[in-house]
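*Asks:* From the sequence below, what's the structure:
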Amino acid sequence: MAPRIFWIGDSTVQYNNISTWPQCGMGQALDLYLAPGITVCNHARNGRSTKSFREEGLWAPVEAALRPGDLLLIQFGHNDEKSEDPARYAAPEQFAANLLAYAREAQAKGALPVLITPLVRRHFEGDRLTPTHGAYPDAVRQLAAREALPLIDLTAASAQLVQQLGEPASRELYMIFAPGLYPNYPEGKTDNTHLRNPGAVAFAGLVAKGLQTLGGPYADVLLGTPEPDKYDGKGYEK
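*Replies:* Numbers count the residues shown, from 1 in each chain. The predicted structure is shown next:
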(Lines give C-alpha, C1' and ligand atoms only; values in the text may rest on other atoms or scores of the structure.)
Protein backbone atom coordinates (compact mmCIF):
# COMPACT_ATOMS: atom_id res chain seq x y z
CA MET A 1 0.00 0.00 0.00
CA ALA A 2 1.45 3.37 -1.03
CA PRO A 3 2.35 5.76 1.78
CA ARG A 4 0.24 8.86 2.14
CA ILE A 5 1.38 12.34 3.10
CA PHE A 6 -0.56 14.02 5.88
CA TRP A 7 0.04 17.71 6.45
CA ILE A 8 -0.98 19.65 9.54
CA GLY A 9 -0.43 23.36 9.79
CA ASP A 10 -1.91 26.78 9.17
CA SER A 11 -3.14 28.96 6.30
CA THR A 12 0.18 28.88 4.47
CA VAL A 13 -0.48 25.17 3.94
CA GLN A 14 -4.26 24.76 3.82
CA TYR A 15 -6.28 23.85 0.75
CA ASN A 16 -8.22 26.81 -0.68
CA ASN A 17 -11.24 26.60 -2.96
CA ILE A 18 -12.49 29.12 -5.51
CA SER A 19 -14.12 31.26 -2.83
CA THR A 20 -10.70 32.60 -1.78
CA TRP A 21 -8.96 32.49 -5.17
CA PRO A 22 -6.16 33.36 -5.89
CA GLN A 23 -5.05 32.28 -2.41
CA CYS A 24 -3.34 28.89 -2.41
CA GLY A 25 -1.58 26.91 0.28
CA MET A 26 1.57 24.88 -0.17
CA GLY A 27 -0.40 21.73 0.58
CA GLN A 28 -2.39 22.02 -2.63
CA ALA A 29 0.75 22.30 -4.75
CA LEU A 30 2.84 19.53 -3.22
CA ASP A 31 1.35 16.81 -5.41
CA LEU A 32 3.06 18.41 -8.42
CA TYR A 33 6.27 16.93 -7.04
CA LEU A 34 4.98 13.50 -6.02
CA ALA A 35 5.14 10.08 -7.62
CA PRO A 36 1.94 8.64 -9.11
CA GLY A 37 -0.25 7.07 -6.45
CA ILE A 38 0.96 9.25 -3.57
CA THR A 39 -1.95 11.07 -1.93
CA VAL A 40 -1.75 14.31 0.06
CA CYS A 41 -4.19 14.49 2.97
CA ASN A 42 -4.11 18.19 3.76
CA HIS A 43 -5.60 18.87 7.21
CA ALA A 44 -4.04 22.32 7.66
CA ARG A 45 -6.46 25.06 8.67
CA ASN A 46 -6.39 28.82 8.53
CA GLY A 47 -5.36 30.55 11.74
CA ARG A 48 -4.39 27.50 13.74
CA SER A 49 -1.43 27.03 16.03
CA THR A 50 0.09 23.92 17.58
CA LYS A 51 -2.17 24.61 20.54
CA SER A 52 -5.51 25.38 18.86
CA PHE A 53 -5.13 22.65 16.22
CA ARG A 54 -5.25 20.04 18.95
CA GLU A 55 -7.71 21.78 21.25
CA GLU A 56 -10.25 22.24 18.43
CA GLY A 57 -10.19 18.52 17.73
CA LEU A 58 -8.41 18.81 14.38
CA TRP A 59 -5.58 16.47 15.31
CA ALA A 60 -7.69 13.53 16.48
CA PRO A 61 -8.90 12.42 13.01
CA VAL A 62 -5.38 12.73 11.61
CA GLU A 63 -3.92 10.59 14.37
CA ALA A 64 -6.67 8.02 13.89
CA ALA A 65 -6.05 7.82 10.14
CA LEU A 66 -2.26 7.44 10.20
CA ARG A 67 -0.86 4.11 9.05
CA PRO A 68 2.67 2.72 9.23
CA GLY A 69 4.83 4.30 6.55
CA ASP A 70 2.71 7.45 6.13
CA LEU A 71 4.51 10.79 6.29
CA LEU A 72 3.31 13.54 8.61
CA LEU A 73 4.49 17.04 7.67
CA ILE A 74 4.17 19.49 10.58
CA GLN A 75 4.45 23.24 9.95
CA PHE A 76 3.21 25.78 12.48
CA GLY A 77 4.54 28.97 14.00
CA HIS A 78 2.69 31.89 12.40
CA ASN A 79 -0.10 31.77 14.95
CA ASP A 80 1.76 30.34 17.94
CA GLU A 81 3.57 33.70 18.01
CA LYS A 82 0.38 35.70 18.69
CA SER A 83 0.75 36.46 22.39
CA GLU A 84 -2.37 38.65 22.31
CA ASP A 85 -4.52 35.58 21.63
CA PRO A 86 -4.48 33.04 24.49
CA ALA A 87 -6.45 30.50 22.45
CA ARG A 88 -3.55 30.19 20.01
CA TYR A 89 -0.45 31.49 21.74
CA ALA A 90 2.30 29.05 22.66
CA ALA A 91 5.61 30.38 23.93
CA PRO A 92 8.62 28.91 22.11
CA GLU A 93 9.22 26.24 24.77
CA GLN A 94 5.57 25.15 24.74
CA PHE A 95 5.54 25.36 20.95
CA ALA A 96 8.40 22.86 20.85
CA ALA A 97 6.66 20.60 23.36
CA ASN A 98 3.50 20.66 21.24
CA LEU A 99 5.46 19.76 18.12
CA LEU A 100 7.14 16.90 19.94
CA ALA A 101 3.77 15.54 21.06
CA TYR A 102 2.52 15.45 17.45
CA ALA A 103 5.72 13.75 16.31
CA ARG A 104 5.73 11.10 19.03
CA GLU A 105 2.04 10.30 18.56
CA ALA A 106 2.65 9.89 14.83
CA GLN A 107 5.60 7.60 15.49
CA ALA A 108 3.44 5.52 17.80
CA LYS A 109 1.23 4.82 14.78
CA GLY A 110 4.25 3.85 12.69
CA ALA A 111 4.16 7.10 10.70
CA LEU A 112 7.17 9.25 9.84
CA PRO A 113 6.92 12.83 11.15
CA VAL A 114 8.85 15.69 9.57
CA LEU A 115 9.24 19.01 11.37
CA ILE A 116 9.13 22.07 9.11
CA THR A 117 10.13 25.55 10.24
CA PRO A 118 7.57 28.26 9.40
CA LEU A 119 7.40 29.78 5.95
CA VAL A 120 9.02 33.21 5.77
CA ARG A 121 6.87 36.31 5.81
CA ARG A 122 7.68 38.80 3.07
CA HIS A 123 8.92 41.71 5.19
CA PHE A 124 11.47 43.93 3.48
CA GLU A 125 13.30 46.85 5.03
CA GLY A 126 14.71 48.56 2.00
CA ASP A 127 16.10 45.77 -0.14
CA ARG A 128 16.76 43.43 2.79
CA LEU A 129 14.33 40.72 3.90
CA THR A 130 13.87 40.94 7.68
CA PRO A 131 13.02 37.94 9.89
CA THR A 132 9.67 38.11 11.70
CA HIS A 133 9.35 34.71 13.41
CA GLY A 134 11.59 35.45 16.38
CA ALA A 135 12.63 32.39 18.37
CA TYR A 136 10.18 30.01 16.70
CA PRO A 137 12.34 28.67 13.84
CA ASP A 138 15.19 28.00 16.25
CA ALA A 139 12.79 26.21 18.57
CA VAL A 140 12.00 23.77 15.76
CA ARG A 141 15.65 23.36 14.77
CA GLN A 142 16.75 22.70 18.34
CA LEU A 143 13.91 20.24 18.92
CA ALA A 144 14.80 18.31 15.76
CA ALA A 145 18.46 18.10 16.80
CA ARG A 146 17.70 17.15 20.41
CA GLU A 147 15.10 14.49 19.59
CA ALA A 148 16.66 13.19 16.36
CA LEU A 149 13.62 14.13 14.29
CA PRO A 150 13.72 14.86 10.54
CA LEU A 151 13.76 18.58 9.74
CA ILE A 152 13.08 20.73 6.69
CA ASP A 153 14.28 24.26 7.35
CA LEU A 154 11.69 26.05 5.25
CA THR A 155 12.30 29.35 7.06
CA ALA A 156 15.87 29.46 5.78
CA ALA A 157 15.12 28.07 2.31
CA SER A 158 12.14 30.36 1.67
CA ALA A 159 14.00 33.40 2.99
CA GLN A 160 16.84 32.68 0.61
CA LEU A 161 14.44 32.44 -2.32
CA VAL A 162 12.50 35.60 -1.45
CA GLN A 163 15.70 37.57 -0.86
CA GLN A 164 17.10 36.33 -4.15
CA LEU A 165 13.97 37.44 -6.01
CA GLY A 166 14.01 40.80 -4.27
CA GLU A 167 11.24 43.10 -3.13
CA PRO A 168 9.37 43.74 -6.40
CA ALA A 169 9.54 40.26 -7.97
CA SER A 170 8.68 38.40 -4.76
CA ARG A 171 5.28 40.09 -4.66
CA GLU A 172 4.14 37.58 -7.29
CA LEU A 173 4.42 34.78 -4.73
CA TYR A 174 2.14 36.37 -2.16
CA MET A 175 -1.36 37.85 -2.02
CA ILE A 176 -0.21 41.23 -3.30
CA PHE A 177 -2.04 42.64 -6.29
CA ALA A 178 -3.81 45.72 -7.61
CA PRO A 179 -7.58 46.35 -7.51
CA GLY A 180 -9.74 44.82 -10.19
CA LEU A 181 -7.70 41.69 -10.93
CA TYR A 182 -9.71 39.14 -8.93
CA PRO A 183 -13.46 39.13 -8.22
CA ASN A 184 -12.90 37.98 -4.62
CA TYR A 185 -10.72 41.01 -3.90
CA PRO A 186 -12.09 43.93 -5.96
CA GLU A 187 -10.06 46.40 -3.89
CA GLY A 188 -6.83 44.47 -4.33
CA LYS A 189 -4.71 43.02 -1.56
CA THR A 190 -1.43 43.61 0.26
CA ASP A 191 -0.80 40.46 2.26
CA ASN A 192 2.80 39.40 2.87
CA THR A 193 1.92 36.08 4.56
CA HIS A 194 -0.56 34.21 2.36
CA LEU A 195 0.30 32.80 -1.03
CA ARG A 196 -0.86 32.84 -4.60
CA ASN A 197 -0.35 29.84 -6.86
CA PRO A 198 3.23 30.76 -7.90
CA GLY A 199 4.20 30.99 -4.23
CA ALA A 200 2.48 27.74 -3.31
CA VAL A 201 4.28 25.96 -6.15
CA ALA A 202 7.66 27.51 -5.35
CA PHE A 203 7.55 26.83 -1.63
CA ALA A 204 6.09 23.33 -2.02
CA GLY A 205 9.08 22.73 -4.27
CA LEU A 206 11.38 23.67 -1.39
CA VAL A 207 9.57 21.16 0.80
CA ALA A 208 10.01 18.52 -1.90
CA LYS A 209 13.70 19.38 -2.08
CA GLY A 210 13.88 18.94 1.68
CA LEU A 211 12.28 15.49 1.41
CA GLN A 212 14.80 14.59 -1.29
CA THR A 213 17.64 15.62 1.02
CA LEU A 214 16.26 13.52 3.88
CA GLY A 215 16.38 10.53 1.53
CA GLY A 216 15.05 7.03 2.11
CA PRO A 217 11.28 6.79 2.58
CA TYR A 218 10.99 10.59 2.56
CA ALA A 219 12.45 10.80 -0.95
CA ASP A 220 10.64 7.70 -2.19
CA VAL A 221 7.35 9.61 -2.41
CA LEU A 222 8.77 12.09 -4.93
CA LEU A 223 8.38 12.14 -8.68
CA GLY A 224 11.26 10.59 -10.56
CA THR A 225 12.51 11.82 -13.90
CA PRO A 226 9.34 12.22 -15.98
CA GLU A 227 9.14 10.37 -19.25
CA PRO A 228 8.84 12.68 -22.28
CA ASP A 229 5.28 13.12 -23.47
CA LYS A 230 5.05 11.90 -27.07
CA TYR A 231 2.72 14.82 -27.85
CA ASP A 232 5.04 17.55 -26.59
CA GLY A 233 5.85 19.92 -29.42
CA LYS A 234 4.08 17.76 -31.95
CA GLY A 235 0.43 18.58 -31.63
CA TYR A 236 -2.04 15.76 -32.08
CA GLU A 237 -0.95 12.59 -33.83
CA LYS A 238 -2.77 11.87 -37.06
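
*Asks:* Which helix or strand lies directly C-terminal to the helix or strand of the chain with the lowest mean pLDDT?
*Replies:* Of all the helices and strands that make up the chain, strand 124-125 has the lowest average by mean pLDDT, DSSP states H and E, namely a mean of 90. The helix or strand immediately downstream of strand 124-125 is strand 128-129, counting by DSSP states H and E.

*Asks:* what's the burial count for residue 186?
*Replies:* When neighbours are counted by other CB atoms under 10 Å, residue 186 registers 9. (Each C-beta comes from the backbone N, C-alpha and C, glycine too.)

*Asks:* And residue 81, how close does it get to residue 212?
*Replies:* 29 Å (CB to CB, to the nearest Å).

*Asks:* Please say which of these two ends up with more neighbours.
*Replies:* It is residue 81, of residue 81 and residue 212, that has more neighbours when counted by other CB under 10 Å, with 22 against 13.

*Asks:* Can you tell me the SS state at the residue nearest to residue 133 when sequence neighbours are not counted?
*Replies:* Counting by CB to CB, 6 or more residues apart in numbering, residue 118 is the residue found nearest to residue 133 once chain neighbours are left out, at 5.4 Å. Put simply, residue 118 is coil when judged by DSSP: H, G, I helix; E, B strand; the rest coil.

*Asks:* residue contacts, residue 118?
*Replies:* Counting by CB atoms under 8 Å, 6 or more residues apart in numbering, residue 118 touches 12, 75-78, 133, 136-137, 140, 154-155.

*Asks:* Among these, which lie within strands?
*Replies:* Under the assignment DSSP state E, these contribute residue 75 to strands.

*Asks:* Closest to residue 200 out of the contacts of residue 118?
*Replies:* Using CB to CB, residue 12 comes nearest to residue 200 of these, at 8.7 Å.

*Asks:* Just the pLDDT at that closest one, thanks.
*Replies:* Reported pLDDT at residue 12 in the predicted model: 96.

*Asks:* same deal with residue 235?
*Replies:* pLDDT, residue 235: 61.

*Asks:* so residue 64 sits in a helix?
*Replies:* Yes. Judged by three-state DSSP, residue 64 forms part of a helix.

*Asks:* Does residue 195 touch residue 172 like I think?
*Replies:* No. With contact defined as CB atoms under 8 Å, residue 195 does not reach residue 172; the gap is 10.3 Å.

*Asks:* These two: who's more crowded?
*Replies:* Higher neighbour count among residue 195 and residue 172: residue 195, with 28 against 14, using other CB under 10 Å.

*Asks:* Would you double-check that that one falls in a helix?
*Replies:* No. Looking at residue 195 with three-state DSSP, it is strand, so not inside a helix.

*Asks:* Who are the contact partners of it?
*Replies:* Contacts of residue 195 (CB under 8 Å, 6+ apart): 12, 23-26, 173-175, 203.

*Asks:* And the strands in the chain?
*Replies:* Secondary structure of the chain (DSSP E): strands at 5-9, 23-24, 40-42, 71-75, 112-116, 124-125, 128-129, 151-152, 174-177, 189-196.

*Asks:* possible to save the ones you listed as TSV with distance to residue 230?
*Replies:* Output for the strands of the chain, formatted as TSV (distance: least, CB to CB, whole Å):
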stretch	distance to residue 230
strand 5-9	30
strand 23-24	31
strand 40-42	28
strand 71-75	33
strand 112-116	36
strand 124-125	45
strand 128-129	43
strand 151-152	35
strand 174-177	38
strand 189-196	33
